[in-house]
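1. Mind folding the following:
(4 chains)
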Protein chains: 2
Amino acid sequence: MTQFRSGCPIASALDIIGDKWSLVIVRAMVMGATSYSDLLSTPEKISTNILAERLRRLEDAGLIRQSLPRQGSIRGAYALTARGAALIPVVQELARWGESQLPDRWTPPDRFYAARPGDFDVRDGDAAAD
Amino acid sequence: MTQFRSGCPIASALDIIGDKWSLVIVRAMVMGATSYSDLLSTPEKISTNILAERLRRLEDAGLIRQSLPRQGSIRGAYALTARGAALIPVVQELARWGESQLPDRWTPPDRFYAARPGDFDVRDGDAAAD
DNA sequence: ACTTCTTACTTGCATTTTGCAAGTTAAAAA
DNA sequence: TTTTTAACTTGCAAAATGCAAGTAAGAAGT
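-> Have a look, this model is predicted:
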């Protein structure tokens, strides 16, 4: 994404995550998903091309990152960055809205509402490069 | 909208408001917009066809309603319903995220963060039909 | 009364995004 | 070494978005 529609923080946020899938991916990662196949196996059945494109966009926007691949693995795991984890209160409010205002929705597990941005972005990287 | 991708309240919420414009419209209405032209004159420059279609969708989803037109007016004003006003905490969290995580965004006025769902949907209608 | 303006849209068409299905590449498992 | 699994890419149809122009009805000016 190159530019924002306006200086409004809401409109700008929607320029990044204003679509049907981005926050579903964030939700899945809050719930522990770390791999492409974890994300594919959510009940919403995202298609592979959309998932790949969305992961690229979210990485470009600095909301997620891929850790460097471990020995004998081609790709690293996906993780929320601090900026991505800062969306947790947003998805929690969205969940509360859906639960309270839409008929017959699932009740998210307690650990979803218990999640805090600080629980993520454990900042690995340079240390322990053995 | 006919059906949800899953029972997840987040995914279901996004089935309704998961696009670039719906929450911009809600924000404008929280800030006092009530007419089509109010909504057109936001800094994001929504196009007329999208605005008309989105208003229809939001009305179908029960998030906004048009009050019955007053004497000599063809259309009534738009207002948030209780269900639409329940989105206020969501847009406030989104604003906090945009402000804190994106560079150089505007600071919303205090009354935006002070808005509460209960301030809207004052339930006019039948009374005072003088 | 009659042109002009404003409000609230609709229509047409090009571009972009989404969605489904199938193909690809590399590592892991049998 | 054939088969699976993981992580994508590619092709193409369908839907959403965006821009520009057109329309209809009430309001305002003269």
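2. Remind me which helix or strand A:Arg83 belongs to.
-> helix A:82-85 (DSSP states H and E).
3. Do that helix and chain B come into contact?
-> Yes. Against chain B, helix A:82-85 shows contacts by CB under 8 Å from any CB of the partner chain at A:Arg83. For the C-beta atoms, the positions are set from N, CA and C on the backbone; glycine is no exception.
4. Name the residues that touch that helix?
-> For helix A:82-85, contacts defined as CB atoms under 8 Å, 6 or more residues apart in numbering or on different chains pick out A:26, A:29, A:58, A:61-64, A:117-121, B:101.
5. Kindly report the same for stretch A:20-28.
-> A:16-17, A:38-39, A:42, A:44, A:46, A:50-51, A:54-55, A:57-58, A:63-64, A:80, A:84, A:87-88, A:90-91, A:94-95, A:112, B:8, B:10-11, B:14-15, B:18-19.
6. Go through those and flag which are in helices.
-> A:16-17, A:38-39, A:50-51, A:54-55, A:57-58, A:84, A:88, A:90-91, A:94-95, A:112, B:10-11, B:14-15 (DSSP state H).
7. Any of those buried? List them.
-> A:16-17, A:39, A:51, A:54-55, A:57-58, A:84, A:88, A:90-91, A:94-95, A:112, B:10-11, B:14-15 (16 or more other CB atoms under 10 Å in any protein chain shown).
8. From those residues, pick out the ones that also neighbour DNA strand D.
-> A:Leu55 (CB under 7 Å from any atom of the strand).
9. So the residue most central in space within chain A: helix, strand or coil?
-> The centroid of chain A falls nearest to A:Val26 when counting by CA atoms, centre = their mean (2.1 Å). Recorded secondary structure, A:Val26: helix (DSSP: H, G, I helix; E, B strand; the rest coil).
10. Verify the contact between A:Gly62 and A:Ala86 for me.
-> No. Judged on CB atoms under 8 Å, A:Gly62 makes no contact with A:Ala86 at a distance of 10.7 Å.
11. Have a look at the two and say which one is more surrounded.
-> A:Ala86 (20 against 14; other CB atoms under 10 Å in any protein chain shown).
12. ok, that one - contacts?
-> Counted by CB under 8 Å, 6+ apart, A:Ala86 has contacts A:117, B:97, B:100-101.
13. Pull out the buried members of the contacts of helix A:82-85.
-> By 16+ other CB under 10 Å, the contacts of helix A:82-85 give A:26, A:29, A:58, A:61, A:63-64, A:117, A:120-121, B:101 as buried.
14. got any ranges where chain A has weak pLDDT?
-> Residues of chain A that meet the criterion pLDDT under 70 lie in A:1-2, A:69-74, A:123-130.
15. Closest one of the contacts of A:Ala86 to DNA strand D?
-> B:Trp97 (20.2 Å; CB to the nearest atom of the strand).
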